[in-house]
Structures are given as C-alpha cells and as structure tokens.
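S.K.: coords please:
(2 chains, ligands or ions: 2)
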Amino acid sequence: MMNRRDFLKIMASLGIGSALVLEGIDRIGTAADTIPGSKNLQAGHWGMVIDVSKFKTPEDIQRVAAACHKYHNVPEINDPQHEIKWIWQEDFEHTFAELESEYLSEKVKQMQFPVLCNHCENPACVRVCPTQATFKRPDGIVAMDYHRCIGCRYCMAACPYGARSFNFFDPRPYIEEINSAVPTRTKGVVEKCTFCMERLDKGQQPVCAEASGGAIIFGDLSDPDSPVRKVLRDNFFLRRKVELGTGPSVYYIIGGGGSNA
Amino acid sequence: MLEKALRGSKGYYAWVGLLIILAVVGLTAYLKQFDYGLGVTGLSRDVSWGLYISQFTFMVGVAASAVMVAIPYYLHDYKTFGKIVILGEFLAVAAVIVCILFIFVDLGQPTRLLNIILHPSPRSIMFWDMCVLLGYLLLNFIIGWTVLGYEKKGFPAPRWVKILTYIAIPWAISIHTVTAFLYAGLPGRAYWLTAIMAARFLSSAFAAGPALLILLCLILRRFTSFKTSNQAIQSLAVIVTYAMIANVFFFMLEVFTAFYSNIPGHMVTLQYLFAGLNGSNNLVPFMWIAAILAFLGIILLLIPRVRRNEKALILALISVFIATWLDKGIGLVLGGFVPNAFGLVTEYVPTVTELTIIMGVYAIGLLTLTILYKVVIGVREQTEVGDISPGV
Ligand code: SF4
Ligand code: SF4
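M.R.: Numbers count the residues shown, from 1 in each chain, chains lettered A, B, ... in the order given. Ligands and ions are numbered 1, 2, ... in the order given. Sure, this is the predicted structure:
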C-alpha cells in the first residue's frame, strides 16, 4: 500500500516540485488517507510526544501504565525475572544513561519518564526476526503477529530499549479481567506496545494518551499540521539513544512550556 | 555400514547405554519445559538468552574446526591427516546436530520452528545461519559417509566427493562467520558490536575444535584399534597453539579499544566480567579461570619438549578447551546482556532443569559421535586387514 509520503516522493521525482503543487497534493493526500464514511485514524508515520513535566507524581505514570496494561490484557506478574511490561517508568539516569551528569538538577534527577516501544523507523527487532512475526507497517507502527512468533527472542537481544517482554509461561492466569477487544497471548511468544493499532482503526486515541490528561500527545509525524509536530516545533525534545540510528518515534519534552497544550 | 555400530565390546555397550539414559533424562526435563514454558530456566526479561544459545554458539565453532584438518589434507595434500580427516568431518556432523538441538530447546514455540522456512526472512541473520548450518551438516555427512563407503569396498572416492570437500572448506568458515554476525550486528549491545567478532569466533573455534579432536584421537588410541600417528597429533597441536594465541591476541585488542578509548559502553561489560559491577560478580571467577587456563595452555603448547609429552599435552589441550568454553560458552553471550538497556545488571543462574536439558543434548551429540566413530573404526579394521590403502 502506498502511503502519502511515498506518493509525494514519486510525484516529486516526476518533477512536480513547486511548493504550490505539493501543498495541493498534500491536502488531497490527507483527504484520500481516510476511507470516506469510516472513522479510522490513519497516518504517514505515527509518533508520540511525552511531556514529562505534566506527570506531576510517579502515580500519574503508574495510572497510565495500569490503564494500558488493563486494556491490553498484560498479565500482572510481580517478579522482575518474568514480568511483562509495555509501558512503565524509569528515572532520567536510566532512561537517558548517556546524558547523566553529577551536576544534573535535582528536579531532573527526580523526574520519572514513561518508557515504551519507540516504534523505531529502522527497528532492529524487525531486521533480526527470522519469521517476520515482528514487522513494520507502512504507517510506522512496529507490530507483531503472535501466531507466527517462534519465541527465539532474537528481537529482545536486538532491541536497544528493553521494550520487549517474553511470556515465560502461560500469562492468562495473571490477567485479572480479560478484555475481549484485544487478544491475549500464549506462553513462548514475545510481546510489546502496539501503539494501540486496533484502537486507531476504530478512530480512538491510544489508551495511554487518553489516560494521560494531555501529557502524552499522539499523532502523525509526517503531517506538519499535526499536534505532535506542533509540539515538537515549539519545544526542545529528547529521544532515547538516537546515536544508534534506530530513529525512535517517541519524543520526550521536559520543559513544560506553555504552548504545547 | 551402520551395522558396525551395533556390535561392540562390553565397554562400548555400557558407554552407549549411559548416553541413552542421559539423553532420556534430558528429554524428560525438556518435556517439563515444553509443557510449562521457558520459565523453568534461569532466563529473564533482561538476560533473554542463556546457556542454550551460548552452547549453540560454542558448538558451531567445534563444527567449523573440521576445516583445520581438511585444509592441510585436501588443499595442501598433507597426507599425515589422511587417516583422521574423517574424524573431523564426523565431529562436525555431531556438533551441528547439537547446535540444532540447542536452538530447538531454546524456542518458546518449538512447534512453529518451520516458520523460519515458511516465512523466509533474508534480512535476519538467523535465517542465514539456519541455511549454512543445514548445508554444512549435509556436506560433512555426505562426504564422510561416501568416502567411508568407498573405502570399505576398496575403491578411491569418486570425483564429485572431492568437489564437495572443496566446497566444504569455505562453507565451514561461513558457518562461524554467520554465527558471529548474529551478535555483531546488534545496535544496542556494545560487547557484541565489534568488527573483530567473526575473527575471534574463528580463532577460538580453531583452538577448541582441534584440541577436542586430539583428545578424541587419544581416547580412541587408548581404547580402540584406531591409532592416530603422533605426527598427526603434533601437527594438530601446533594448529591449536597458534589459533589460541590468535584468539587471546584478538581478545586483548578488544580490551585495548575499550579501555584506551575510555567509552563507558565498551568498558562496562569487560568490567562486569572481570571485576564485577555494582556487586554483581557471578561470572568473575569463571573469566579469571579462563584467562589463567588460556595462558597455561599456550605456554605448555609453545614449548616443543612439553608438547611432545603426552600427559602435558593433554593438560594443555584441556586448558585450552575449557578456557575457550568459558570465554565463548559463558562470558560472551551472558556478558552481552550486561548491563541491560537501562544500565542495570541482572544476573543469570541456570536452573537444574535447564542444566539437565543441556546434559541431554550433549548426550545425544556424544551418542551420534560414538556411532559415527564406531562405524569408522569398524570399516578401518576391515580394510586394514586386507591392507587396502584408502584414497580420495
Ligand atoms: S523500541 Fe525496540 S521493540 Fe520497539 S521498534 Fe524499536 S527496536 Fe523494536
Ligand atoms: S521471538 Fe518472535 S518476534 Fe522475536 S525475533 Fe523471534 S520470531 Fe520474531
């Protein structure tokens, strides 16, 4: 399937390069992305901006994580060896280990950062998967087919962000209440955050964004007018381990400036 | 020819019986894992590969090392290795079978193994590793079995086998290179992210594999009619010596780059392995034993007078073998997971179930090796009576 960006690239290569024409195509493209009459959300490249300053207490992040885990049938295994987590919190020193400094302000030191799969532009997990059970969709979401995964855990060795969890045993007994809107997983497969792709199909925002009270902004990175792009334009941001070339689609802003409501 | 493996001495039956029992015990442990999941092992979210994958990695090296007998014999017509070249090939066969079993027991969904073939993913190094390993298994089995079959009949092996032996040489290098690429191309694991990984893999393989082969030859010489010449053993020992020196040298290069550049990510795993990190130091004794044994082995092997003494040679070879096993079969894979993506240390301790499964896999490997070697000995006993010189 051709997405809008590819379409633009082709048009550009055909010599249709004036800003005016591109502007026009851009709008047509946006309109054409949505199937008429359906409410589904589509994008050229889904991305997320997390405004850490809006998470006032660690409980705020825990609430968001709990909402995600509840919705996605993530089992609650309270044992670090076998736990499954899609989104959780780490402090600055562990989220951005390479930026650590002894002179870091107390405020930043205390800050908690929600961490999750970065839905990388060049995902190492996709590259190494021997079955294409992990794959990247045209809209940038790195998705998984739990029925194809052989549980080799090569993707876990490859992911530089520790975003993936493995089902060391049947997770179902550890799910309090099963949500039938999304699948449960079996033992022996890997899982991780999906950017709530099944909710996007229904025209809904990801659970975390909804539960965050505006601290997590979700949208189309390829659309200059999208809320995520607007926030990125107005704020200094960080991404995790950019030096590895993975191209994370999750952005962090810590300033809490006024313009990013 | 397989009938040769059916008849043997009491000692032979006892040995085979023991291996079968160990294999069955391993299988029982595996059924437990199959039923419950990999939660029966010591693996964790942070250390997601453990002894299964590290044994796989080490044994690929043993398999590849057959080439150290094949190159002198097939390419340089070094006749001294004529008699033992088949031992190298069959060692490779048994080693690859062990590798495949270790991959199998490591899978969370083993019944879906065929997905690797049903959904071939050429971007994944694991896909290529599977291709080269299966090819190598076939090559060595076909070469060994055909040559032996012709030898039995008293004919020289056909030309096409010779062509296969030439193909098998670069192929052997490829299996261990591709296995190194499994690790060396991952962006977030600094300890593995090194261009010299494949060279390290090959050098340690060419030390450990021939060391094992010599030990096997000595065992055969002691207990069977298969007498490997001292000259062949000494030549192999020289190969072990220089391969081990190269291996240690390559490792020192890693140490230099990590510590002179002073880049934390590159130093941290070495610090963890040799000194411990934040109080976690499970692997420290293993790594120091590896270092001491590596130097002990090299020194013993380097002195010709010592090397020619069988007892000293055995000590040296065992030192080299254990040193490479500790370095590659433990430190390399486990070290790569320390620290985790958040700079934290999680240590891994294998469980009894896991160790039992490993024992079972090795028992199956030894059983394969025993049967193959028994066939070789049987055929040789038969032909040597008629004094037909084998030729390829
Ligand atoms: S964060 Fe990890 S799991 Fe997510 S896309 Fe990137 S490499 Fe894959
Ligand atoms: S564990 Fe599953 S998703 Fe991960 S690399 Fe293996 S087959 Fe692919």
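
S.K.: any idea how far ligand 1 is from the residue in the stretch 251-392 of chain B that chain A sits nearest to?
M.R.: Among all residues of the stretch 251-392 of chain B, B:Ala341 sits closest to chain A, at 3.3 Å; criterion: CB to the nearest CB. For every residue, glycine as well, the C-beta is placed using N, CA and C. To ligand 1, B:Ala341 is 9 Å away according to CB to the nearest ligand atom, to the nearest Å.

S.K.: That residue and A:Ala158 touch, don't they?
M.R.: No - contact criterion CB atoms under 8 Å: B:Ala341 and A:Ala158 do not qualify, at 11.0 Å.

S.K.: Need the overlap of contacts for those two.
M.R.: B:Gly188 (CB atoms under 8 Å, 6 or more residues apart in numbering or on different chains).

S.K.: ok, A:Tyr251 - how many residues close by?
M.R.: By the criterion of other CB atoms under 10 Å in any protein chain shown, A:Tyr251 has 21 neighbours.

S.K.: where along the stretch 151-300 of chain B do the helices fall?
M.R.: Taking DSSP state H, counting those that start in this stretch, the helices of the stretch 151-300 of chain B run over residues B:159-184, B:197-223, B:230-261, B:264-275, B:284-302.

S.K.: can you list the ones you listed in TSV and add mean neighbour count, mean pLDDT and distance to B:Lys311?
M.R.: Converted to TSV, the helices of the stretch 151-300 of chain B look like this (neighbours: other CB atoms under 10 Å in any protein chain shown; pLDDT from 0 to 100; distance: least, CB to CB, whole Å):
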stretch	mean neighbour count	mean pLDDT	distance to B:Lys311
helix B:159-184	19	96	31
helix B:197-223	23	97	11
helix B:230-261	18	97	13
helix B:264-275	18	96	31
helix B:284-302	18	97	10
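
S.K.: I'd like these laid out as CSV, including distance to ligand 1.
M.R.: Listed next are the helices of the stretch 151-300 of chain B as CSV, based on distance: least, CB to the nearest ligand atom, whole Å:
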stretch, distance to ligand 1
helix B:159-184, 16
helix B:197-223, 21
helix B:230-261, 24
helix B:264-275, 17
helix B:284-302, 29
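
S.K.: Export those helices as TSV, with columns for distance to B:Ala64.
M.R.: As requested, the helices of the stretch 151-300 of chain B are exported to TSV (distance: least, CB to CB, whole Å):
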stretch	distance to B:Ala64
helix B:159-184	4
helix B:197-223	5
helix B:230-261	12
helix B:264-275	24
helix B:284-302	20
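
S.K.: Excluding chain neighbours, what is closest to B:Leu302?
M.R.: Leaving aside its chain neighbours, B:Leu302 sits nearest to B:Thr241 (6.1 Å; criterion: CB to CB, 6 or more residues apart in numbering or on different chains).

S.K.: and the one you found, how far is that from B:Asn247?
M.R.: Per CB to CB, to the nearest Å, B:Thr241 is found 11 Å from B:Asn247.

S.K.: Looking at the helices of the stretch 151-300 of chain B, which is nearest to ligand 2?
M.R.: Closest approach to ligand 2 among these (CB to the nearest ligand atom): helix B:159-184, 11.6 Å.

S.K.: packing partners for that closest one?
M.R.: Contact partners of helix B:159-184 among helices and strands, from 3 or more CB pairs under 8 Å, 6 or more residues apart in numbering or on different chains; DSSP states H and E: helix B:51-64, helix B:67-70, helix B:125-153, helix B:197-223.

S.K.: ok, and what's touching stretch A:157-164?
M.R.: Stretch A:157-164 is contacted from outside by A:115-118, A:123-125, A:127-128, A:155-156, A:190-193, A:240-241, A:244, A:246, A:248, B:45-46, B:48-49, B:186-189, B:336-337, B:340-342, using CB under 8 Å, 6+ apart.

S.K.: Check stretch B:20-29 too.
M.R.: So stretch B:20-29 is contacted by B:353, B:356-361, B:363-364, B:367 (CB under 8 Å, 6+ apart).

S.K.: Out of these, the closest to ligand 2 would be?
M.R.: Using CB to the nearest ligand atom, the contacts of stretch B:20-29 come closest to ligand 2 at B:Ile357, 19.2 Å.

S.K.: how about the residue of the stretch 51-200 of chain A found nearest chain B, secondary structure?
M.R.: Per CB to the nearest CB, the residue of the stretch 51-200 of chain A with the smallest distance to chain B is A:Gly151, at 2.0 Å. Following DSSP: H, G, I helix; E, B strand; the rest coil, A:Gly151 is assigned to coil.

S.K.: Find the residue closest to it in space, skipping its chain neighbours.
M.R.: In space, and not counting its chain neighbours, A:Gly151 is closest to B:Gly108: 2.0 Å by CB to CB, 6+ apart.

S.K.: Kindly report the same for A:Gly47.
M.R.: Once flanking residues are discounted, A:Gly47 sits nearest to A:Leu221: 3.7 Å by CB to CB, 6+ apart.

S.K.: and the one helix or strand A:Val64 maps to, is it in reach of chain B?
M.R.: For A:Val64, the element it lies in under DSSP states H and E is helix A:58-71. No - interface with chain B: helix A:58-71 contributes nothing (CB under 8 Å from any CB of the partner chain), its closest point being 14.9 Å away.

S.K.: so what secondary structure elements neighbour that helix?
M.R.: Counting contacts by 3+ CB pairs under 8 Å, 6+ apart, helix A:58-71 packs against strand A:87-91, strand A:112-116, helix A:207-211.

S.K.: Can you pull the residues of the stretch 51-200 of chain B lying near chain A?
M.R.: Within the stretch 51-200 of chain B, the residues that sit near chain A (CB under 8 Å from any CB) are B:103, B:106-110, B:112-113, B:115-116, B:118-119, B:121, B:123-127, B:130, B:182, B:186-189.

S.K.: Compute the number of surrounding residues for A:Glu98.
M.R.: Residues within reach of A:Glu98, counting by other CB under 10 Å, total 11.

S.K.: who's in contact with it?
M.R.: By CB under 8 Å, 6+ apart, A:Glu98 lies in contact with A:241, A:243.

S.K.: the helices in the stretch 101-250 of chain A, which residues?
M.R.: For the stretch 101-250 of chain A, the helices defined by DSSP H, counting those that start in this stretch occupy A:106-110, A:124-128, A:154-158, A:197-201, A:207-211, A:227-234.

S.K.: ok, back up a step: so which of the contacts of stretch A:157-164 are in strands?
M.R.: A:115-116, A:190-191 (DSSP state E).

S.K.: Of these, grab the buried ones for ChimeraX.
M.R.: Buried residues among the ones in strands among the contacts of stretch A:157-164 (16 or more other CB atoms under 10 Å in any protein chain shown), as a ChimeraX selection:
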select /A:115,116,190,191
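
S.K.: Which pair of the ones in strands among the contacts of stretch A:157-164 spans the longest distance?
M.R.: A:Val115 and A:Val190 (17.0 Å; CB to CB).

S.K.: thought B:Gly209 was touching B:Ala64?
M.R.: Yes - taking contacts as CB under 8 Å, B:Gly209 lies within contact range of B:Ala64: 6.9 Å.

S.K.: In chain B, what residue lies closest to ligand 2?
M.R.: Closest residue of chain B to ligand 2, CB to the nearest ligand atom: B:Gly108 (6.8 Å).

S.K.: what secondary structure does A:Gly47 sit in?
M.R.: strand.

S.K.: Roughly how far does it sit from ligand 1?
M.R.: Per CB to the nearest ligand atom, A:Gly47 is found 12 Å from ligand 1.

S.K.: Could you tell me the model confidence score at residue 139?
M.R.: Since no chain was named, I'll use chain A. Reported pLDDT at A:Asp139 in the predicted model: 96.

S.K.: actually chain B
M.R.: On pLDDT, B:Leu139 comes in at 96.

S.K.: mind listing what it touches?
M.R.: By CB under 8 Å, 6+ apart, the neighbours of B:Leu139 are B:164, B:167-168, B:171.

S.K.: shaky segments in the stretch 1-150 of chain A?
M.R.: Filtered on pLDDT under 70, the stretch 1-150 of chain A yields the residue ranges A:1-38.

S.K.: What residues does it have near ligand 1?
M.R.: A:117-120, A:123-125, A:142 (CB under 6 Å from any ligand atom).
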